[in-house]
Structures are given as structure tokens and as C-alpha cells.
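Colleague: here is the input, now give the coordinates:
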Amino acid sequence: MAADSEPESEVFEITDFTTASEWERFISKVEEVLNDWKLIGNPLGKPLEKGIFTSGTWEEKSDEISFADFKFSVTHHYLVQESTDKEGKDELLEDVIPQSMQDLLCMNNDFPPRAHCLVRWYGLREFVVIAPAAHSDAVLSESKCNLLLSSVSIALGNTGCQVPLFVQIHHKWRRMYVGECQGPGVRTDFEMVHLRKVPNQYTHLSGLLDIFKSKIGCPLTPLPPVSIAIRFTYVLQDWQQYFWPQQPPDIDALVGGEVGGLEFGKLPFGACEDPISELHLATTWPHLTEGIIVDNDVYSDLDPIQAPHWSVRVRKAENPQCLLGDFVTEFFKICRRKESTDEILGRSAFEEEGKETADITHALSKLTEPASVPIHKLSVSNMVHTAKKKIRKHRGVEESPLNNDVLNTILLFLFPDAVSEKPLDVTTSTDNNYPPSESEDYNLYNQFKSAPSDSLTYKLALCLCMINFYHGGLKGVAHLWQEFVLEMRFRWENNFLIPGLASGPPDLRCCLLHQKLQMLNCCIERKKARDEGKRTSASNNVTNIYPGDAGKAGDQLGPDNLKETDKDKGEVAKSWDSWSDSEEEFFECLSDTEELKGNGQESGKKGGPKEMANLRPEGRLYQHGKLTLLHNGEPLYIPVTQEPAPMTEDLLEEQSEVLAKLGTSAEGAHLRARMQSACLLSDMESFKAANPGCSLEDFVRWYSPRDYIEEEVIDEKGNVVLKGELSARMKIPSNMWVEAWETAKPVPARRQRRLFDDTREAEKVLHYLAIQKPADLARHLLPCVIHAAILKVKEEESLENISSVKKIIKQIISHSSKVLHFPNPEDKKLEEIIHQITNVEALIARARSLKAKFGTEKCEQEEEKEDLERFVSCLLEQPEVLVTGAGRGHAGRIIHKLFVNAQRAAAMTPPEEELKRMGSPEERRQNSVSDFPPPAGREFILRTTVPRPAPYSKALPQRMYSVLTKEDFRLAGAFSSDTSFF
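Modeller: As a prediction, this is how the structure comes out:
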């Protein structure tokens, strides 16, 4: 049985050869892709326009297929063109050759400056490439290459696709392709040769013509003429006398001397090296036939000066070092540092030595011991001054990151009001030097959330940038910031306003640091006004009122100023500058307080204005037009009110978080309303004090006129009279306004508790500034630095007037405004902005470099100057620029001279031979040193139309492209043959 079963088992192992093999599946997948992309048939396009390969739009589609487990990517490259009329398609004859074969002979786009290599070699507008999907994979063996080529041939035959299909073979860096194109009765084979060294017999045109003719193998005895296009490329690397005009910044001039502190307001600009590394001159002979010129190993007619077409391209230096870009990048690096100011500067700033670092108990006992210390010595400014001396004592002059000259120059630049011995009473700061403009540039800070370009914050950012780059790096930044904070403390203690800040509450459109400084200025203003008010009151000079906001000086306006004089007389001996004012938020006479308290309670209980009418009016500002009180007909007076507390954005966020945490319950909502109505209650108390006998309706008529509705009604006598009442929302039982009115007492603004405690807020700001690490500081000021960099770029661009740069700057501004407007932008996005600014700086530097090399400023004739400027502008924006007039044009003569100078320097030719060099072409040829170096690249395109393979075959286009460089030799041939008559 076992023997019988063996042959039976072998029957089932027979291979079924009717199933598709891997090769057939691969061909099927290729056909499927060609069908999906609708590449079947022969849609003829219109003839190619000149330069369309560079100016037109190229698109591509990709798909992935596999041969067994080897993956290939299939890519369709095509030039986007307008579709031709359908009528033209219907009239197509069967024997019309494919579009790609016609393109082989097109001479309008022979040497495109920017295109796919197959476009440059074959002049195709559309083709498909099959290449190994993985970059490391390669088709190396000849059998695999032939297998792929067979697959392509079968797929093209089966589908009727007339688009050329290429297969990439060998390693990718070699750019080796073989391919095929099929049409009705015709076929073109695309073949390639790639060698590292040029064979001697093919270094010139005659040798290439021999290989082209032998490959065609034309049976006709008088061979049709071969059309030739030639391009020689010459490279200029040595610019000789055209040195790079950018001078490095004079670091010594940045401090003191002739330039002074003003230099700190300027940013450096430009590339430290020449941003143009090479100039490539392409000399082209576009239409030649083989009998016209001679080019062999002995003699050549191809003189670049005689070439009919010249075109130039410039090679840019990769990542040239740019001053502005480095400046901003180095500042941005601070953002990643973790150290605090104390860690950077060494030991703690307030650490003491010797006996000062004695046991802590001695320090505590010293604090509790009574001592006869003059009051003026207790001021914080004196303490800070002492601390400052200790800091300098510890650090020593040599160790200090910033020397005194640099530091003083910067501080005078930041605080110009400190020039005199006693700081001036500055209110307008440096606004006179930088008049605020309504221009788009000035208002950029709104978009970037930075600070105005004439503000202290902006100047501080520039100074820190300068210090970081030129003077001491991170340590210098920490040192300057420490000095800045001490200056802020000094100004707060001595009532000196901070210069370079707009008056008023913090501007929420600016960065947080700018808001904090504005907040500190608000505190100084309030403190200063209050202290001046005390002095005025103490000296009985009632008529001299601080010329500030009436709300701040309201206590000087009423007739009751004399009431406070007696109390204040005892306070005159104190130093108003040195005492902290936290205990003096309000000062009331006891008798007045009791009297007001009694009146307030009675009026609150009875609700009648008669009792209140007996009170003496206080804190009136001025009369409100013709309005009178509803109950007693007295004129309605606008009271002196407290200003609402200014807030920075972090305080607003804090407040909103607290309010949000109260929840949505009724109790939470009530508490939230109470918290938000502190200002309303203050205004109600001021109103009651100024208008004894008033009612809630009177207050609403002044404070919120829309909530008092007046209607015309007819009274009992038939007269039309106005009758008013509160709006619906004011009539809601127990609403916030009614509650606040009932609890409000008639207290003028000067007697109320301050809504804005400037002492506490100033100390909070000073503490906030003191704890900022250099990294935090850099984050705060980076928008200002980017703002300054963009303004600098715009300023430099306006001198050069480059249209493409204008567009890029607009894009950078748009991008920056999106990134910087949100808190804590990502580092990657910030780096991107800085990179864009650096690119623009390099672009402007390139423009200057080219203008210096082509001598645009030296042109005497206006027309020539305009042509040269246009030429330089095109060089920056286009990949390749045609030289008008070739070697005989103005730009051509300059380029020729550049090459001549470089050649003379390379050959060390004596200067007296220069005159001979500028003679006729014959003299130049005889000279031992030629005007141009050997060409770095030589390109030839040979074309003809011949019947192939037999004399009676159809005449079809043949083309061969060859490129010869020092280390590369490539032949790319497209040879067509008739498949019907052979």
C-alpha cells in the first residue's frame, strides 16, 4: 500500500503553469498604473514655448508597485499645460509620431537652468520613471536591467501608452536611466553611457559626431545635416580686487568715545564673508550645423567672446555668517539657560563677609535694639545703595562682567534723564527724540506683542543683545539686569518717573515686562501725587494743586481742605520720601467719622434723603450741565472719584481664575458680583458725598444714562411733562446696584480706602523683576528683539529696493504676528522666524555684493546704470539671466573683465601685459594666457532626422546629448526606429 500511495502523492505536486508568474503580475501592475493615470493614446499638445521648462509648473504623481518582494516607485512627471481642443484630437492621423518624439527636435529649451535631469538631456515635457523605492536599493545586474526593460516594452505595447517610460538602474547617485517610447509603427530607445573620465577621442565635437553617426547607422550615402547646439560653462571663483565691502563692527567704538551711547540703539547688519562664492558664465551657440565650425583636438572655433548667447548664474555661499542673524540667535540661546542671576554672578548678591556674617542671633538682637538712627537713613534706596556697594566689594572691579565705562554708557542710554546729578522730573521721557509715528512700522509692536520702538523696554532688549554678543555674554546680561532692577527700586523710592514709557495704565498689547514697568510708573505717579498733596496741604498752599488727574488730587478741590491742615502739621517733620505709605491709605478725623457714620446709617434705614441733605457736600469736581437732583432740585455735581486700579495681563488672568473658581451657584455668583463692584461702590460713596439728598435714580442718570428711561406723559392739568424711571434690570429685587447703594456711605474719594494700593503693587513688581532669570528675561524681550531685527531689515532693504525681499518681509511679519501673539511660543517656531530674518539679511548682502562687483554706482550713464541694476536684480531672483548683447554688451564687458583679472592673477602676469590683453581677438589668442579659464563643463546636443533602420523606413528624430566635465562624461541618446518597415 505504501508503494502504491507514493506515486499518488507526486501527482498533487505538479506545478500549474497557467497561473500568472511574478513577472506577469509586475507587468500587469505597470499597465494598471498607466491606465489609472490615463496615459493611453497620444494627446498632442501645442509646441513648447521658449523657457517654458523653467517658468512653467511641473507636477508629479507617484504610486508603489512590487516585483515579488522588491518594491518600486512609479512617478509620472509632467509639465502643466492648457488642454488642446477636442476637434484637433479627432483629426489626428494614425501615423503621427508621439509627442515626445517631436519634442526631441525642439530647440526652444535646449539648456534649461532648472529642470529634472531627463528634461535637460532629452527635452521631454512628460515621462514616467520606475525606480527602486528604497534609497539604498539598486538594480545592478544586466539580467535584471533587461528584465525590467522587457517589462516596460510589453506594458507599453499592451496599453498603447505613448509616454516615454524610464527605468532607473545602478546606484541612484549615477542618475542612470534606460527607457522606451512606443508609437504607431515607431519606437524610440533611450540609452545612456556614464564614465568617470572622458575618453581622449571624445573631448571635442568631431569625436562626438563620429559616435553619433556610427550609432545611427544611416544607410543613406549623403547623410542629412546634423543640427548642433553647444554650451560652454566658465566658473569664476577668484574675485580679486572686488573685496567684500562689509566691514566688521568696531567694538571699541560701541562704548564711549566719539560715538557714545547712541551706538547701543543700533543693530549690526550684513554678512561677514562674501555671500556670492562663484559666478558661472554659460556661452551658448544655439543653432549650428556640422560644416560651419571646426572643433577638434588641434583647433577650435568656439571662442566664448564670439558666442551669440551669454547667460549668467551665481552660486551662493552656503549659510554665510550674518551679523544680525548671529546677534538674534545668540540672544535666543539665553532662553534655554536654567541658571538664576545669583548663580551666574557667583555668590549671593547680599552675602556679607567677616563680622557681617556673624551668628544670626546677633543680627536679630541688633534689629530689636533701639538705636538713634536718622529717619532718612531708613529708606529702601539707602539700603539698596549699601547692598550695591557690597555686591561690588565681593565681585571686585576685575571680576565684574561689565566694566564701568560700558555700564555707565548703557545706563545713560536707557535713562537719559540721569545726566544731571539729580534725576530730572521726567514725564515725557525720550519721546521728544523719537516722535511717535502713526506709520505701519511704529505700530508693529501691536502685532508682535513687543514694545514701541522708542520705549525703555525696546532699548533694554537691544542693550542686552549687545552685551550678550560683545561684552561678557550671559554674565554681562545678568549684571546689567541686576543694575536695572536696582535703578527701578531707586526710582520708586525717590519718586522719579521711569523714562521711555507711555503714561496711563499698562498697555495689554505690549509684552508683560513692558506692562510691569508701566505698572511701576503708575505706582510712582500715584505716590508722587499723594506726597505732593501732603506737602501742599502741610504748607497751607491750598490753591497749588498737583497738575495730574483730578481723581488723584480730589482732596484739594473742596472747601474743606483746611480740616486736614491741623492734623497734617504734626506730620511735617517726617520725611515724606522715606516713609512707606501703607498705613496712610486713608486718614479721617474721628468726629467726622462718627457723624458720617450716624447719618449713613439713618439714611440707609429710612431711605429718605432729608437726613442726607443736612450733610455738607464734599469732593465735588464740577456741575453736571443742567441736571438737578430729583428730590430737592439742587444742581447735580460730578464727584471726584478714584481711578480704577490698573492691571497687567497676568493680574487679569489671576483675577479671572479666582472669579471662575467661585462656580455657578447663586452664592458664588453673588460673591463674584460683590468682588467686581468695588469700583462701583467707591463711585457711589463719592456721589453721595458730593450730592447730599441724592437717590439711586440720580446716580444712574449720571453713571449709566441708558438705565434711566424718560417718557413724555400728560399730567392732571393736561401738560406734557417728562417722567423718568429706572430700567427693568435696575428694578430686579436685590440687584447689585440697589445693594451697593444701600451699603454706600457718603464718603468722598480722599477719605475712602484706596482701590489701588500703589505701595503693595510696586513692591510686587519690584519682586517680580528681581526674581527673573536671564532665560525668563530673554523670553520676555525676544519679541522686541525680533521686532527690532525686522525694522532693521526693512531699513536696509529700502536702500536696495529689492521687490522679492519686500514680499518676504511681509510674510515674515505675518508669520511672526501669529507666533508671537500667543504666550510661550514654541522654540521651533521662533527659530524658524530667526532663520527667515537671516535669509533676508543674506539676500540683501548678496545684492550689495553683486552691485559692488558690477560697479552699479560707478556708471556715469543713467541708462547703463538702470540696465545693470535690473541685471543684478534678476540675478538674485532668477536661476539664470541672459546677458543682453552677450560679450559686447555693458554687463558682458564687465564679466569679461572679471575673468581677465582673475586669469592674470592666476598666471601672475605682469601688469604691463594688460594693455596687450585688451587688444583684438587675434592678439588675445597669440597671448600665452587666455582671457577665460578652460570650461568647467561642455555640453553638446546633436540632432537629425533619418530613416532607420532601412533606407525605405520612415524618417524619424535622432538625438544625443553629451556633457563633459573634469570628473564626469555622459552620453544620453534617443534613437528612433521604424517598426513597420525594417
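
Colleague: is it true that I216 touches P947?
Modeller: No. Contact criterion CB atoms under 8 Å: I216 and P947 do not qualify, at 10.1 Å. For every residue, glycine as well, the C-beta is placed using N, CA and C.

Colleague: the two: which has the busier surroundings?
Modeller: Applying other CB atoms under 10 Å to I216 and P947 shows that I216 carries more neighbours, namely 22 against 18.

Colleague: pLDDT score for the more buried one?
Modeller: On pLDDT, I216 comes in at 89.

Colleague: might one say that A68 is in contact with E22?
Modeller: Yes. Counting by CB under 8 Å, A68 touches E22, with 4.6 Å between them.

Colleague: quick one: the helices in the stretch 451-600 of the chain?
Modeller: Along the stretch 451-600 of the chain, counting by DSSP state H, counting those that start in this stretch, helices occupy 456-470, 473-493, 512-538, 562-569, 590-606.

Colleague: check the stretch 651-800 of the chain too.
Modeller: Listed in chain order, the helices found in the stretch 651-800 of the chain under DSSP H, counting those that start in this stretch are 666-676, 678-690, 696-703, 736-743, 758-770, 774-800.

Colleague: cool, the stretch 851-982 of the chain as well?
Modeller: Counting by DSSP H, counting those that start in this stretch, the stretch 851-982 of the chain has helices at residues 862-877, 890-906, 914-917, 921-926.

Colleague: and of these, who's closest to S817?
Modeller: With CB to CB, the closest approach to S817 among these belongs to helix 862-877: 25.8 Å.

Colleague: packing partners for the closest one?
Modeller: When contacts are defined as 3 or more CB pairs under 8 Å, 6 or more residues apart in numbering; DSSP states H and E, helix 862-877 sits against strand 309-316, helix 803-820, helix 827-854, strand 881-883, helix 890-906.

Colleague: the same query, at a cut-off of 6 Å, please.
Modeller: helix 827-854 (3 or more CB pairs under 6 Å, 6 or more residues apart in numbering; DSSP states H and E).

Colleague: show me which positions of the helix it packs on end up buried.
Modeller: Across helix 827-854, burial judged by 16 or more other CB atoms under 10 Å covers 830, 833-834, 836-854.

Colleague: one more: stretch 770-784?
Modeller: Those would be 772-784, for stretch 770-784 by 16+ other CB under 10 Å.

Colleague: make TSV out of the helices of the stretch 651-800 of the chain and add distance to K338 and mean pLDDT.
Modeller: Formatted as TSV, the helices of the stretch 651-800 of the chain follow (distance: least, CB to CB, whole Å; pLDDT from 0 to 100):
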stretch	distance to K338	mean pLDDT
helix 666-676	38	65
helix 678-690	40	82
helix 696-703	52	82
helix 736-743	48	79
helix 758-770	18	89
helix 774-800	7	89
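
Colleague: to P308, which of the ones you listed lies closest?
Modeller: Relative to P308, the nearest member of the helices of the stretch 651-800 of the chain by CB to CB is helix 774-800, separated by 32.4 Å.

Colleague: what about the residue lying closest to T944 once chain neighbours are set aside, distance to E634?
Modeller: Spatially, and ignoring its direct neighbours in sequence, T944 is nearest to V226 (4.8 Å; CB to CB, 6 or more residues apart in numbering). According to CB to CB, to the nearest Å, V226 and E634 sit 113 Å apart.
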